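> Next comes the sequence, and after it the predicted model I'd like to discuss.
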Amino acid sequence: MNKIANKQVICDVLLEESNKDKDIVVLCSDSRGSASLASFAKERAEQFVEVGIAEQNLVSISAGLAACGKKAFAASPACFLSTRSMEQVKVDVAYSNTNVTLIGISGGVSYGALGMTHHSVNDIATMASIPNLRVYLPSDRWQTAKLIRALLKDDKPSYVRVGRNAVDDVYSEENVPFVMDKATTVKEGKDVTIIACGEMVKPAKDAAIILENEGISVRVLDMYCVKPIDKEAILKAAEETKAIITIEEHTNYGGMGSMVSQIVAGYKPIKVVNMCLPDAPVVTGKSQEVFDHYQLNSDGLVAKVKEII
């Protein structure tokens, strides 16, 4: 079982690349520990800025540094970054087109027992609604590393959501298919397509393997690029399979499932089922306990596929 969280991989990549590129700067809002960026702050003190518990300032300072030619990576809890700082993200980062990568740490229900004040289950909706802001939810440590290296090579604004805990690998060190802004086909299939993002990709892959053993062929798409979403992959799935199930750690309003449904309804109408968190305060518990409660797991997916085919 993997014990390396995606946020730790982000730190590792930035540490490695910042040794060669002094324009890389990392900013935190009293979050270096929870973001696994303490080692960056220690080893690259001249490339690190601590703003304290001031998320709006975090975003604006990052944008200012980017306007001066820096490659800014701003890390803060996703629940605050996507709500409290939304105006600064809209104006200083997206509208101003600054080279800022916003790292939303402990996304979704990662904070568990801290409850709704610390959950970020509407951040896809808020961040994706901002013009000129890309939204990414990598599924495992290997894809996270690929994504961060790709973002270091461009100069466009983006928001990356990662969870608090380590997640099981979807890919391997030797096999990490990755094309920027294109969904990754984790598994081919012809009966049903499951489109997942973030931590939901692994249970989608597991469910497809279970169903394959029962004679049901399931395609799995890793839609790490929620915005710009891979419309071509979605329409191909609608054309080649009988139904689509989306699964995400987000509410049913404005998330990836909503985007997929809009695309399918407009171009190739087939049955689309959205599996997600409810539009209500979620139960308290560890991430997996919350997922299990709402059947956002491989068993829930297996049951849903059998229900709709």
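Here it is on my side, so go on. These numbers come from a predicted model, not from an experiment. Residues are numbered from 1 along each chain as shown.
> What segments of this structure are strands?
24-28, 48-50, 71-77, 100-105, 134-136, 158-161, 184-187, 192-196, 218-222, 225-227, 243-251, 271-277 (DSSP state E).
> In CSV: these, plus distance to A204, mean neighbour count and mean pLDDT.
For the C-beta atoms, the positions are set from N, CA and C on the backbone; glycine is no exception. Output for those, formatted as CSV (distance: least, C-beta to C-beta, whole Å; neighbours: other C-beta atoms under 10 Å; pLDDT from 0 to 100):
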stretch, distance to A204, mean neighbour count, mean pLDDT
strand 24-28, 32, 24, 98
strand 48-50, 36, 17, 97
strand 71-77, 26, 28, 97
strand 100-105, 21, 28, 98
strand 134-136, 17, 25, 98
strand 158-161, 17, 27, 98
strand 184-187, 7, 19, 98
strand 192-196, 4, 30, 98
strand 218-222, 5, 26, 98
strand 225-227, 15, 22, 98
strand 243-251, 6, 26, 98
strand 271-277, 10, 19, 98
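> As TSV, those with distance to I61 would be great.
Formatted as TSV, the strands of the chain follow (distance: least, C-beta to C-beta, whole Å):
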stretch	distance to I61
strand 24-28	6
strand 48-50	7
strand 71-77	8
strand 100-105	10
strand 134-136	21
strand 158-161	17
strand 184-187	34
strand 192-196	34
strand 218-222	33
strand 225-227	24
strand 243-251	28
strand 271-277	32
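> tell me the domain ranges of this protein?
Structural domains annotated on the chain: 6-161, 184-308, as defined by automatic domain parsing.
> Could you identify which of these is most buried?
Among the domains of the chain, ranked by average contacts under mean count of other C-beta atoms under 10 Å, first place goes to domain 6-161 (a mean of 21).
> Any idea how far apart the tips of that one sit?
One end of domain 6-161 to the other measures 10 Å (C-alpha to C-alpha, to the nearest Å).
> Let the chain start at 407 from now.
Shifting the count to begin at 407 puts that one at domain 412-567.
> one step back: I'd like the domains of the chain laid out as a markdown table, including distance to D574.
Converted to a markdown table, those look like this (distance: least, C-beta to C-beta, whole Å):
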| stretch | distance to D574 |
| --- | --- |
| domain 412-567 | 7 |
| domain 590-714 | 5 |
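> and E579, which of the ones you listed is closest to it?
domain 412-567 (6.4 Å; C-beta to C-beta).
> now the closest one, how far from the chain's geometric center?
12 Å (C-alpha atoms, centre = their mean, to the nearest Å).
> which residues touch M586?
A556, C631 (C-beta atoms under 8 Å, 6 or more residues apart in numbering).
> Ignore what I typed, I meant A589.
With C-beta under 8 Å, 6+ apart, A589 has these contacts: I601, L627, D628, M629, Y630, C631, D636, A639, I640.
> do that again at 6 Å, thanks
Counting by C-beta atoms under 6 Å, 6 or more residues apart in numbering, A589 touches L627, M629, D636, A639.
> try S564
T507, R540, L557.
> Include distance to G621 when you put those into a markdown table, please.
Converted to a markdown table, the contacts of S564 look like this (distance: C-beta to C-beta, whole Å):
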| residue | distance to G621 |
| --- | --- |
| T507 | 44 |
| R540 | 39 |
| L557 | 41 |
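> on that earlier part again, nearest to L421, of the strands of the chain?
Comparison of these against L421 by C-beta to C-beta identifies strand 430-434 as nearest, at 9.3 Å.
> can you redo the contacts of A589 as CSV with distance to M492?
Shown next, in CSV, are those (distance: C-beta to C-beta, whole Å):
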residue, distance to M492
L627, 29
M629, 23
D636, 25
A639, 29
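> Where helices are concerned, which of those count?
Judged by DSSP state H, helices contain the following of these: A639.
> for the contacts of A589, which one is nearest M662?
M629 (6.0 Å).
> Can you give me the distance of the closest residue to Y577 other than its chain neighbours to L487?
Once flanking residues are discounted, Y577 sits nearest to W548: 4.5 Å by C-beta to C-beta, 6 or more residues apart in numbering. W548 sits 24 Å away from L487, going by C-beta to C-beta, to the nearest Å.
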